[in-house]
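S.K.: next input, structure requested:
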Amino acid sequence: MPERIQLKDADQIAMMREAGLVVARGLAAMSAAVAPGVSTLDLDAVGREVLADAGATPSFLGYHGFPAVVCTSVNDRVVHGIPSADEKLAEGDLISIDFGAIVEGWHGDSAVTVAVGEVSEDATRVSEVCRASMWDGLAAARSGGRLTDISHAVETSVRSAGRFGIVANYGGHGIGSEMHMAPHILNYGRAGKGPRLLPGMALAIEPMVTLGSRATQELDDGWTVSTVDGSWAAHWEHTVAILDDGPWVLTAVDGGRAELEARGVTLSASAA
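M.R.: Numbering: from 1, shown residues only. Here you go, the predicted structure:
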């Protein structure tokens, strides 16, 4: 029997927006702190400060025993990297920063990929392709569609950009009163399949794209996921609410207006 997808009312979506704005502030602060010589644990400290200032609770800390408030994944590590005082960023690195916050029991979740100083053209390109595919996926998150419309939009975006790997099995997820909820959202697949997208659903759309193979492995720490072939990866994520009159990207400061309108999609009036 398929898992039930949680539907939220307007007040609950509003709480998720508050959590999403905390996440946006945290990612902006951590992105600004990225520089050669900065440790990934330093970034975790920035995230903790933003949460404390907002009176918000971390989504990640303690989640199945995860020891930090942020996931920091550098170069060939795709997702779920654990911050460390010993891991210092270097010029030319590429880092994914994944961050979540809870406000009055409701979650926001988002990730960005950040260049450390000057990076290679390939590193810049894989991040840009991943980011664009996320927005193409978000533009497909509309009432009346099907879940795999999002998956297909992400895949089509990446495939049209060149030869990149779309990470297998990992993907986005439902979100709301828990960080990870039904449904699981792969970043590839045929359109028109899966559950109908309904107003009140909230989804985290998160493509993971590599410069090589789509195959990954979990490292000995039980968390960090890296590419098998050592190719570098990018990871972007936003939380979106599906409403009657259009999507609302809860973790984007502008609600997603600029990127969605550039794709011919009207932002929900709830975002005004």
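S.K.: who's in contact with Trp248?
M.R.: Ile13, Arg17, Val240, Ala241, Gly255, Gly256, Leu267, Ser268, Ser270, Ala271 (C-beta atoms under 8 Å, 6 or more residues apart in numbering). Backbone N, C-alpha and C define where each C-beta goes, glycine included.
S.K.: same thing but at 6 Å, please
M.R.: Ala241, Gly255, Ser268, Ser270, Ala271 (C-beta atoms under 6 Å, 6 or more residues apart in numbering).
S.K.: now these as CSV including secondary structure, distance to Thr113 and pLDDT?
M.R.: CSV is the format used below for the contacts of Trp248 (DSSP: H, G, I helix; E, B strand; the rest coil; distance: C-beta to C-beta, whole Å; pLDDT from 0 to 100):
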residue, secondary structure, distance to Thr113, pLDDT
Ala241, strand, 23, 98
Gly255, coil, 21, 98
Ser268, coil, 27, 96
Ser270, helix, 28, 93
Ala271, helix, 25, 90
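S.K.: show me which of those are buried.
M.R.: Taking 16 or more other C-beta atoms under 10 Å as the criterion, what is buried in those is Ala241, Gly255, Ser268, Ser270, Ala271.
S.K.: mind putting the residues you listed into JSON lines with distance to Leu197?
M.R.: Formatted as JSON lines, the buried ones among the contacts of Trp248 follow (distance: C-beta to C-beta, whole Å):
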{"residue": "Ala241", "distance to Leu197": "11"}
{"residue": "Gly255", "distance to Leu197": "18"}
{"residue": "Ser268", "distance to Leu197": "13"}
{"residue": "Ser270", "distance to Leu197": "16"}
{"residue": "Ala271", "distance to Leu197": "18"}
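S.K.: which strands or helices does whichever strand or helix holds Met30 pack on?
M.R.: For Met30, the host element (DSSP states H and E) is helix 10-33. Under the contact criterion of 3 or more C-beta pairs under 6 Å, 6 or more residues apart in numbering; DSSP states H and E, helix 10-33 touches helix 40-54, strand 94-103, strand 106-115.
S.K.: now with 8 Å?
M.R.: Applying 3 or more C-beta pairs under 8 Å, 6 or more residues apart in numbering; DSSP states H and E, we find helix 10-33 packed against helix 40-54, strand 94-103, strand 106-115, strand 238-243.
S.K.: tell me how many other residues crowd Arg263.
M.R.: Here the number of neighbours of Arg263 (other C-beta atoms under 10 Å) works out to 14.
S.K.: just give the nearest non-adjacent residue to it, would you?
M.R.: Spatially, and ignoring its direct neighbours in sequence, Arg263 is nearest to Ala139 (4.3 Å; C-beta to C-beta, 6 or more residues apart in numbering).
S.K.: quick check: the one you found touching Leu267?
M.R.: No. Ala139 lies out of contact with Leu267 (C-beta atoms under 8 Å); the separation is 10.5 Å.
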